[in-house]
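Asker: What would the 3D arrangement of this be:
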Amino acid sequence: MYANLHDKFRSLARTLLITGAFAGMALAATSSQAQNYPPSDVPPGSARLAHLQGNVSIQPNGVDDWGQATQNMPIGSGDRVYTDQQGEGELQADEVRAYFSPNSDLTLTNLNDQGVELGLASGSVNVFSDGFPPNQSLFVSTPNGGITLRTRGSFRVDVYPDQQSTVITVQPNGADVELNGAGDFHMILRRGESLQMSGTNPVYTQPLEIAPFDEFAHWSGAIETHRFNSISARYVSTEMPGYDELDNSGDWQPESDYGPIWFPHVEAGWAPYHNGHWVNRPFYGWTWVADEPWGAAPFHYGRWVVVNGRWGWIPGPREGHPVWSPAQVVFAGGVQVGGVGVSVWFPLGPGEAYHPWYPASPEYVNRINITNIHESRVVHVQNTYVNVTNVTNVTYINRTVGVTAMRQEDFAAGHNARAVAVKVDPHQIEHVQPARPEARPPAQPVILHPVAKPAAVPAARPVLINHQGQQAPAAPNARPVVVPVKATPPVAPKPLPGHAPIGAPSVGGKPVAVPAKPSVEPNPPAPNKPLPPARVEPAKPAAPAPMAPIRPTPAAPEKPTPPPAKVTPPPPTAPVRPQPVAPQTRPVPPQPKPATPETRPAPPQPRPATPAPPAKNAPKKDEKKQDEKKTPPAKPE
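Answerer: Numbers count the residues shown, from 1 in each chain. Model prediction:
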């Protein structure tokens, strides 16, 4: 999308090659993955805290005390952040944005030429990455295993210390991640997949359904959505941290003598680098921390200028990879007020060179200036900025309108510049020369603000499993050790709220029998249940055989009773009775009834005898049938 300007900056890069080592360096790239400058020429990356809510504490590297974290606070390797039940925020480190939830214990373990390494001992982080330079990656250490992302992507990590479990979920639009644990455990977690890791050595894993979005996911997702829809992305590189925070805090003027310019919403008399304080950071030294919530981009990139009585910020070229600096200012040397040395600084103007006060190669000096100076009608990007330090007649445009000064002891103590600022004679800085800050840094990091609420977390650094499957404290350059093997066999972890298990679990990367199988074995008797129903009953239809002999029995005797036996058609009616019953119980139920019909056929025989009164000569009482109905025929006698 930046093809034309990309070619332009490539040609510009060729003209800036002042040494053979600088040859082939690509100053412009369409993404951070295209950076080709030598790793040895790259200083440590930069990181800061943003979008803080609630109580967020910080434990700087090298100290055991906790301080109150603030917006835009720069952090480095080994700095540890902790949140309470309402605390949350964002940690930005180079091209990585890690949003942390309440009850999180998060450490920026390392930030170096290998990439970004985070350590999460509890809570949740939602991680987004725009990609990495060659040979760099994102590593996240947890109590159960390490996670590696080598490209652009996003995933979430939830750590449950009480259950000794960690859940890793790769977003459907993310990229595959690598999981490593003790005992040579290794696997690839694909996009749209979720996995629970429990234990250490061996590691018990259980595939999970992706949990529905919770409040933390909606909060962090909303910030990311605003970031990618930011108006400021039209004018600045999307690789610049904090560019999206400019949208609601100022107005853009797309065209000016200096190119696109942004005017902040500030009070009258405001000046850049005046509301905030200085802190001493490893390698970079003195670093500006702005009080303005939008102060990440305008005070570490670009240039400042007064246009029509208003301060405006000019970003560098939108197409290049922006290079961060502790502060785009000039420090003036040799200035005193009342015989006391003071620290004096002012913002760099359009086209003015930045002179690092920390170790920097000539290539770095060229690159940090070229990527922060915008080519315009009145500004020309030079071929080299290395020898500018030898120029003594540089006229800085902001030396009279944006000067801030304070005593060196206040400077070193991190006091607010606006509160303790002193005035200096303008004539003392008419022909100022760039100088290193003269304030002496403190012996250890200064905790400026006491903790509003003490962190309910031990001071000792948590021990986590890194991306190599070894355990080490969450501290820079900590020596990892092999994770001891657990003597007891792993037990299936308890289900976690909101995480439904799917698929088969594994131990040490090998599938294991699901403990639920024994409960399935009792079900095989189920096939025995259909056996009792009626499949054996069909054998009973043989029972109707006794009914067949009933029919011949009346025909067997040769007595005159056969005629009445013929009258036995009622028995056919008797079988008719079972016919309506047959559909309900099949012919089997009628079987017991045939026994009773054997006694009933006798009564039907006397009925035919009644029509035979002509046989009056026969003794009517010889038959042992004492029927009340036979007595009436005796009367005719």
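Asker: and His265, how many neighbours?
Answerer: 10 (other C-beta atoms under 10 Å). (C-beta placed from N, C-alpha, C; glycine too.)
Asker: brain fart, Glu239
Answerer: 18.
Asker: And Ala474, by the same measure?
Answerer: If we define neighbours as other C-beta under 10 Å, then Ala474 has 24 of them.
Asker: just Asn180 next, same as before
Answerer: 21.
Asker: How far off centre is the helix or strand harbouring it?
Answerer: Asn180 is located in strand 177-181, with elements delineated by DSSP states H and E. Offset of strand 177-181 from its chain centre (C-alpha atoms, centre = their mean, to the nearest Å): 15 Å.
Asker: For Arg152, see how far away the residue lying closest to Gly498 once chain neighbours are set aside is.
Answerer: Leaving aside its sequence neighbours, Gly498 sits nearest to Ala211 (C-beta to C-beta, 6 or more residues apart in numbering; 4.6 Å). Using C-beta to C-beta, to the nearest Å, Ala211 is found at 23 Å from Arg152.
Asker: For the closest residue to Ala233 other than its chain neighbours, give me phi and psi.
Answerer: Leaving aside its chain neighbours, Ala233 sits nearest to Tyr243 (6.6 Å; criterion: C-beta to C-beta, 6+ apart). Main-chain dihedrals, Tyr243, degrees, to the nearest 10: phi -60, psi -30.
Asker: show me what contacts Tyr243?
Answerer: For Tyr243, the contacting residues are 230, 232-233, 236-237, 297, by C-beta atoms under 8 Å, 6 or more residues apart in numbering.
Asker: Can you show me the helices along the stretch 51-200 of the chain?
Answerer: Using DSSP state H, counting those that start in this stretch, no helices are found in the stretch 51-200 of the chain.
Asker: in it, which ranges drop under the pLDDT threshold?
Answerer: Scanning the stretch 51-200 of the chain for pLDDT under 70 picks out nothing.
Asker: Run through this protein and note the low-pLDDT ranges.
Answerer: Applying pLDDT under 70 to the chain flags residues 1-42, 387-393, 487-491, 513-637.
Asker: Where is the longest strand in it?
Answerer: Counting residues, the longest strand in the chain under DSSP state E turns out to be strand 115-129.
Asker: quick one: the nearest residue to Gln114 once chain neighbours are set aside from Glu178, how far?
Answerer: Distance criterion C-beta to C-beta, 6+ apart; nearest residue to Gln114, sequence neighbours excluded, is Gln136 at 6.2 Å. Distance of Gln136 to Glu178, given as C-beta to C-beta: 15 Å.
Asker: Those two: which is more packed in?
Answerer: Taking neighbours as other C-beta under 10 Å, Gln136 and Glu178 compare with Gln136 leading, 21 against 16.
Asker: I'd assumed Leu111 was in contact with that one.
Answerer: No - applying C-beta atoms under 8 Å as the test, Gln136 and Leu111 come out as separate, 10.6 Å apart.
Asker: Write down the beta-bridge partners of the nearest residue to Leu52 once chain neighbours are set aside, one by one.
Answerer: The shortest distance from Leu52 to any non-neighbouring residue, by C-beta to C-beta, 6+ apart, is to Gly89 (4.1 Å). Judged by DSSP bridges, the bridge partners of Gly89 are Phe100.
Asker: can you check Trp311 too?
Answerer: On the basis of DSSP bridges, Trp311 takes part in beta bridges with Val306.
Asker: Where do the strands of the stretch 301-450 of the chain begin and end?
Answerer: In the stretch 301-450 of the chain, the strands defined using DSSP state E, counting those that start in this stretch lie at 303-307, 310-314, 329-332, 336-337, 340-347, 404-407.
Asker: Compare these and report which one is nearest to Gln68.
Answerer: Evaluated with C-beta to C-beta, the strands of the stretch 301-450 of the chain place strand 404-407 nearest to Gln68, the distance being 22.2 Å.
Asker: Can you list the strands that the strand holding Asn180 pairs with?
Answerer: Strand 177-181 has these strand partners (DSSP bridges): strand 146-149 (antiparallel), strand 185-189 (antiparallel).
Asker: Please work out which of those strands is packed deepest.
Answerer: Compared across these, strand 146-149 shows the largest average neighbour count, a mean of 23 (mean count of other C-beta atoms under 10 Å).
Asker: mind listing the strands for the stretch 51-200 of the chain?
Answerer: Under DSSP E, counting those that start in this stretch, the stretch 51-200 of the chain gives strands at 56-59, 67-68, 80-83, 88-93, 96-100, 105-112, 115-129, 137-141, 146-149, 153-160, 165-170, 177-181, 185-189, 194-198.
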